[in-house]
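Asks: Turn this into a structure:
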Amino acid sequence: MNTVITDVFLPAALAVVMLGLGISLTLDDFRRVRKHPKAVAVALTLQLLVLPALCFGLVVLWDLPPLHAVGMMLLAASPGGTVANIFCHLFRGDVALSITLTAVNSVIAVVTVPLVVNFSLDHFHPVLDDGAVSLQFGKLLQVFAIVLVPVAAGMLLRNARPVLAERLDRPVRTVSTAVLALVVLGAAWSERANLGSYFAEIGVVALLFCLGSLAIGFVVPRALGVVKGQAIASSFEIGAHNATLAMTLAITTLGSTALAVPAAVYALIMIPATAAFGRLLTSRSAPAPAVAADPS
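Replies: Numbering: from 1, shown residues only. From the prediction side, this is the model:
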């Protein structure tokens, strides 16, 4: 991929996405963990433990090539993003909890992503043409600086100029969504010659992982007594991963466009799959039509 894209556009795109998240956050979003400890604990347990295990099982079962297997595991370790918050709003979930989960997950990911990626590199042993893939912690810290600094800047702006932040919130979310689309389409275009084979190879795994994540994120909290709105927030947070972060880490930190392919394929599949899942949830909660009284 062009070095201008990898060295400039991808980090800038990720920074815009995370700035949009920061503008929507306040310290109350972190304090809310104490108000809904059960919902947060269940969602985080699923995100940090169950999803990597689910993804690992799928990539082993489908016997994906090492580079794509690691790319899927990187995606599984990535937190949710603004797309999860948008879906939560559209399908009547607890948006405040969704934002809280995204905020907490984005911070925890600084620790969990390297753990999952290191495990995956050790297990699958992916190799590029110029040698083995290695995780360079210096670059990793640089990428997460691009994640956390814009989030902190957005939060500071919201605290210092709440009216301005409120006015910027929707436009920045719109730009963030557009940036995500551009990143995914750019990666797809750069790999267009192999895109058909990538979908054939990864598409089923990406779809099953997406639907499995969404279902687990909703069914498990509900089974444990979490109210429906919070379960919907959990579902979208767990099912709608931050593909921009996964692609940025794959390309800029691990130096492999092939590692970014699973995130790009997943992002293209995630939007319609998540929308269909949300429609299913809301249709099931729709009130039943009134039945006319029997005249007899």
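
Asks: Which stretches in the stretch 1-150 of the chain count as helices?
Replies: Assigned helices in the stretch 1-150 of the chain, in chain order: 3-4, 10-23, 27-35, 37-45, 51-61, 66-77, 82-90, 95-124, 137-160 (criterion: DSSP state H, counting those that start in this stretch).

Asks: Please apply the same query to the stretch 151-296 of the chain.
Replies: Using DSSP H, counting those that start in this stretch, helices in the stretch 151-296 of the chain cover 162-190, 195-223, 228-239, 243-248, 257-285.

Asks: for those helices, which one sits closest to residue 120?
Replies: helix 257-285 (10.0 Å; C-beta to C-beta). Bear in mind the C-beta positions are built from the backbone N, C-alpha and C, glycine included.

Asks: Would you mind getting the angle between the closest one and helix 95-124?
Replies: 140 degrees (axes from the mean of the first three to the mean of the last three C-alpha atoms, to 10 degrees).

Asks: tell me the contacts of the nearest residue to residue 159 once chain neighbours are set aside?
Replies: Nearest residue to residue 159, sequence neighbours excluded (C-beta to C-beta, 6 or more residues apart in numbering): residue 26, at 7.1 Å. For residue 26, the contact set (C-beta atoms under 8 Å, 6 or more residues apart in numbering) comprises 155, 158-159.

Asks: do the same with residue 221
Replies: Counted by C-beta under 8 Å, 6+ apart, residue 221 has contacts 39, 42-43, 230-231, 234-235.

Asks: Got phi/psi on the residue nearest to residue 159?
Replies: The phi/psi pair for residue 26 (degrees, to the nearest 10) reads phi -130, psi 170.

Asks: Closest to residue 55 out of the contacts of residue 26?
Replies: Using C-beta to C-beta, the contacts of residue 26 come closest to residue 55 at residue 155, 30.5 Å.

Asks: Was I right to think the closest one contacts residue 22?
Replies: Yes. Taking C-beta atoms under 8 Å as the definition, residue 155 is a contact partner of residue 22 at 4.9 Å.

Asks: before we move on, the earlier item: out of the contacts of residue 221, who's the most crowded?
Replies: The most crowded member of the contacts of residue 221, judged by other C-beta atoms under 10 Å, is residue 234 (34 neighbours).

Asks: Look up how far residue 102 lies from that residue.
Replies: Per C-beta to C-beta, to the nearest Å, residue 234 is found 11 Å from residue 102.

Asks: if we can go back for a sec, got the contacts of residue 221 as a markdown table, with distance to residue 281 and pLDDT columns?
Replies: Formatted as a markdown table, the contacts of residue 221 follow (distance: C-beta to C-beta, whole Å; pLDDT from 0 to 100):
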| residue | distance to residue 281 | pLDDT |
| --- | --- | --- |
| 39 | 16 | 89 |
| 42 | 17 | 94 |
| 43 | 16 | 92 |
| 230 | 13 | 91 |
| 231 | 9 | 93 |
| 234 | 12 | 93 |
| 235 | 8 | 94 |
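
Asks: Tell me where the stretch 101-250 of the chain is predicted with low confidence.
Replies: 128-140, 142-144, 146, 173, 176-177, 179-181, 183-184, 186-188, 190-191 (pLDDT under 70).

Asks: The most centrally placed residue in the chain: what's its closest spatial neighbour, skipping adjacent residues?
Replies: Nearest residue to the geometric centre of the chain (C-alpha atoms, centre = their mean): residue 241, 1.3 Å. Counting by C-beta to C-beta, 6+ apart, residue 241 lies nearest to residue 78, which is 4.7 Å off, once chain neighbours are set aside.
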